Every structure is written in C-alpha cells, then in structure tokens.
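Peer 1: Need coordinates for the following:
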Amino acid sequence: MTSLERVALQYLRLDSLEDMKCIPRKELESRLDEATPSILERLSASEILQHSRDVYTETADEYAANPHTQYVVDELIEFMALLPEGACVLDVGCGTGRDALFMSCPNTLFRASLMQREKNGKKTIEKFSPPQTSLRIIALDGSDGMLEKALEYLALHEDLVFAYTPLFILGDMHDLHAQAEILGVGSLEGIWSCTALFTHTPQKLANESLRAVAEFLKSGGVFFASYTNGNVAGAHDKLLASSTGRIKYFSQPNPEVVADLARHHGLHLIQESVSDFEIGGKVVQRGLFCSQFFRKQ
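Peer 2: Here you go, the predicted model:
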C-alpha cells in the first residue's frame with residue numbers, strides 16, 4: 001500500500017483497500033472526489049509520483065491484459081507522418097512498449113495488427129495505411145514493472161526485423177535531465193506521450209515538464225500529448241478506484257492551460273482534437289479526451 005492509499009483510506013474511514021469493494025461504485029467515486037483535495041494536500045508531488053510508479057508496477061499484468069491497451073491510437077499515425085525516416089524520438093511513459101515497437105518496426109502486417117482500435121465507428125486501419133517510415137525510439141517509463149512488460153513484448157516479437165531496435169530505459173518522465181547523457185539536450189526530433197505526461201502530472205510539475213520537453217527537442221521538433229480534458233472532467237486532480245483494487249491518480253488539465261504553458265517555452269500548438277469516452281461503441285461522455293500536437297520554434 002502506498003502513502004497516498006493510506007491517507008485515502010483514512011478519509012474514506014476504511015481499514016483496507018479490500019473494504020472499497022463493499023461500497024457501491026458511484027458512492028465510492030463520490031466520496032473519493034470529495035476527499036481528493038484534502039488527501040493530496042497531505043502529500044508531496046514526489047509522493048504522488050511514487051504512488052503512480054508503485055501502482056503501475058504492481059498492476060502491470062492487469063494493464064497489459066486490458067483490451068483497451070492493445071492497439072495504437074490514430075494520432076500515432078499522424079505523429080509519424082510529421083517526422084522523417086530515422087528520426088530520434090522519445091516515447092515518454094512508454095508503458096508496455098506497444099507504441100515504441102510500432103514506430104521502430106517497419107513490418108506492415110505487424111503494424112496493421114496494432115491498427116484495430118475503433119473510433120467513431122471506424123478502425124484505424126480503415127482510415128490510415130500502415131506507415132512506411134521507421135523511427136529511432138528511446139522509450140522511458142518510471143515503472144520497472146511496466147518496463148519488464150515492454151521487454152517481454154519485445155522478446156515476443158524477436159522474429160520481426162527492426163529498422164532500429166528500441167532502447168527501453170527506467171526514468172522519471174518529469175525529470176528528463178536525469179537522462180541527459182542518453183537523450184541529449186536539443187537532440188530529439190520528436191517526443192511522444194500517449195496518456196502519460198499530463199495524465200499523471202501534479203499541477204505544480206506541469207511547467208517544468210514542458211520546459212524539459214522544449215529543451216530536449218530540436219528546433220522544428222514535434223511534441224504530442226494526450227490526456228483527460230479538464231474542461232469536461234472538472235477538477236485537475238482525480239483519484240479513481242480502479243478495477244485492479246488500487247487507487248489511481250490522474251491529472252486532468254485544461255487544454256488552454258497546457259497550450260499557454262507550452263507557448264511560453266517555444267512550443268506552438270499546431271493541431272488539437274477532442275474525442276469521446278466510449279464503452280462498447282456507445283458514447284459515455286463527449287469530448288473527455290484531448291490530443292495536442294506542438295512544434296518547437
């Protein structure tokens with residue numbers, strides 16, 4: 001159990017995480033929403049980040065098996081189209097390695113197999129052809145459990161021929177300078193962050209995170225981030241009792257705030273879109289997710 005979960009249980013007046021299962025889901029979510037500001041007030045940003053790392057490590061098997069994590073998003077195809085062959089890209093919060101392998105392996109059948117996500121009634125493969133370029137990927141994640149899954153995923157596909165074998169490294173996505181020797185300040189042509197930065201980023205760390213992104217990108221480099229849209233979701237901070245039985249922390253920033261902070265660091269918004277939260281093809285909440293592309297001056 002993490003520090004965040006111990007504090008949360010105190011506010012929920014529960015003795016264990018197992019006790020959460022006895023509370024109806026809507027009631028539990030309501031109680032967590034009400035208590036979230038007080039819970040997080042007692043924790044430092046580093047404790048919140050450590051909580052996320054620990055929870056994702058301990059639930060890596062469940063995450064990897066979740067059907068929702070199997071396929072790439074449409075925006076990855078658009079991101080790759082903005083970069084030349086062999087461009088050096090950092091995959092921030094790479095998780096189980098799905099996107100890293102997709103970007104670095106030119107095998108058309110492999111890529112097509114990962115383009116089965118359905119959005120607005122159409123699969124990715126019905127809207128886009130598999131990319132013809134391959135990128136040099138450095139894939140970073142703060143959870144050693146997730147990186148183990150990524151390396152397992154890579155080994156599972158050892159029969160594939162990679163244009164550039166991705167490099168997986170353990171590190172804090174909010175402290176890229178700790179990996180400066182590997183990443184190289186000003187050397188990246190792209191930074192990809194699918195539901196990582198600004199999905200698990202305490203508000204006080206947003207500005208410095210964007211500063212680091214800008215510093216590591218080359219002039220003309222592209223940065224992508226997707227996250228929950230705070231204009232729809234409401235509060236910046238969200239605690240959710242997940243299906244794994246753990247409490248997860250999510251950040252939900254306003255896209256305008258992210259764009260303004262990015263502009264301050266020379267990252268200019270070139271494309272933005274919102275998408276709906278769907279379950280089984282049925283829209284549950286409209287415009288809940290935001291995707292943004294930026295280019296460095």
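Peer 1: got the residue ranges for the strands in the stretch 101-250 of the chain?
Peer 2: For the stretch 101-250 of the chain, applying DSSP state E, counting those that start in this stretch gives strands covering 118-119, 122-123, 136-141, 167-170, 188-194, 217-228, 237-241, 247-251.
Peer 1: I'd like the distance from the longest one to the chain centre, please.
Peer 2: Same thing as strand 217-228. The chain centre lies 13 Å from the centre of strand 217-228; the measure is C-alpha atoms, centre = their mean, to the nearest Å.
Peer 1: Let's see it as PDB, backbone CA atoms only.
Peer 2: What follows is strand 217-228 as a C-alpha-only set of coordinates in PDB (Å, rounded to 0.1, in the frame of the first residue of the first chain):
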ATOM      1  CA  LEU A 217      13.600  18.900 -28.700                       C
ATOM      2  CA  LYS A 218      15.500  20.200 -31.800                       C
ATOM      3  CA  SER A 219      14.200  23.300 -33.400                       C
ATOM      4  CA  GLY A 220      11.300  22.200 -35.600                       C
ATOM      5  CA  GLY A 221      10.800  19.100 -33.400                       C
ATOM      6  CA  VAL A 222       7.300  17.700 -32.700                       C
ATOM      7  CA  PHE A 223       5.700  17.000 -29.300                       C
ATOM      8  CA  PHE A 224       2.500  15.100 -28.800                       C
ATOM      9  CA  ALA A 225       0.500  14.700 -25.600                       C
ATOM     10  CA  SER A 226      -2.900  13.200 -24.900                       C
ATOM     11  CA  TYR A 227      -4.800  13.300 -21.600                       C
ATOM     12  CA  THR A 228      -8.200  13.800 -19.900                       C
END
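Peer 1: among the strands of the stretch 101-250 of the chain, which is nearest Ala259?
Peer 2: With C-beta to C-beta as the measure, strand 217-228 is the member of those nearest Ala259 (10.4 Å). C-beta: built from backbone N, CA, C; applies to glycine.
Peer 1: Of the strands of the stretch 101-250 of the chain, which is nearest Glu29?
Peer 2: Counting by C-beta to C-beta, Glu29 lies closest to strand 237-241 out of the strands of the stretch 101-250 of the chain; the figure is 7.1 Å.
Peer 1: any residues touching that closest one, and which ones?
Peer 2: With contacts defined as C-beta atoms under 8 Å, 6 or more residues apart in numbering, strand 237-241 is touched by 4, 8, 20, 25, 28-29, 32-33, 35-37, 39-40, 202-203, 228, 247-252.
Peer 1: Relative to it, what are the paired strands and their orientations?
Peer 2: strand 247-251 (antiparallel) (DSSP bridges).
Peer 1: can you give me how far the strand it pairs with is from the chain middle?
Peer 2: With C-alpha atoms, centre = their mean, you get 12 Å for strand 247-251.
Peer 1: do the same with stretch 205-212
Peer 2: 15 Å.
Peer 1: ok, and for that stretch, which residues are buried?
Peer 2: In terms of neighbour count (16 or more other C-beta atoms under 10 Å), stretch 205-212 has its buried residues at Leu205, Ala206, Glu208, Ser209, Leu210, Arg211, Ala212.
Peer 1: show me what contacts the first one?
Peer 2: It refers to Leu205. With the criterion set at C-beta under 8 Å, 6+ apart, Leu205 makes contact with Ala45, Leu49, His174.
Peer 1: ok, of those, which come out buried?
Peer 2: Among the contacts of Leu205, those buried by neighbour count (16+ other C-beta under 10 Å) are Leu49, His174.
Peer 1: ok, of the contacts of Leu205, which one's closest to Glu75?
Peer 2: Closest to Glu75, out of all of those and judged by C-beta to C-beta, is His174, at 21.9 Å.
Peer 1: ok, of the contacts of strand 237-241, which come out buried?
Peer 2: Buried members of these, scored by 16+ other C-beta under 10 Å, are 4, 8, 20, 28, 32, 35-36, 39-40, 202, 228, 247-252.
Peer 1: residue contacts, Gly93?
Peer 2: Applying C-beta under 8 Å, 6+ apart to Gly93 gives the contacts Leu140, Asp141, Gly142, Met173, Ser193, Cys194, Thr195, Ala196, Leu197, Thr199, His200.
Peer 1: can you tell me how far it sits from Arg6?
Peer 2: From Gly93 across to Arg6, the span is 25 Å (C-beta to C-beta, to the nearest Å).
Peer 1: Check Ala64 too.
Peer 2: Separation of Ala64 from Arg6 (C-beta to C-beta): 27 Å.
Peer 1: List just the one of the strands of the stretch 101-250 of the chain that sits closest to Pro84.
Peer 2: That would be strand 188-194 among these, by C-beta to C-beta, at 7.5 Å.
Peer 1: tell me the angle the closest one makes with strand 136-141.
Peer 2: Interaxial angle, strand 188-194 versus strand 136-141 (axes from the mean of the first three to the mean of the last three C-alpha atoms, to 10 degrees): 40 degrees.
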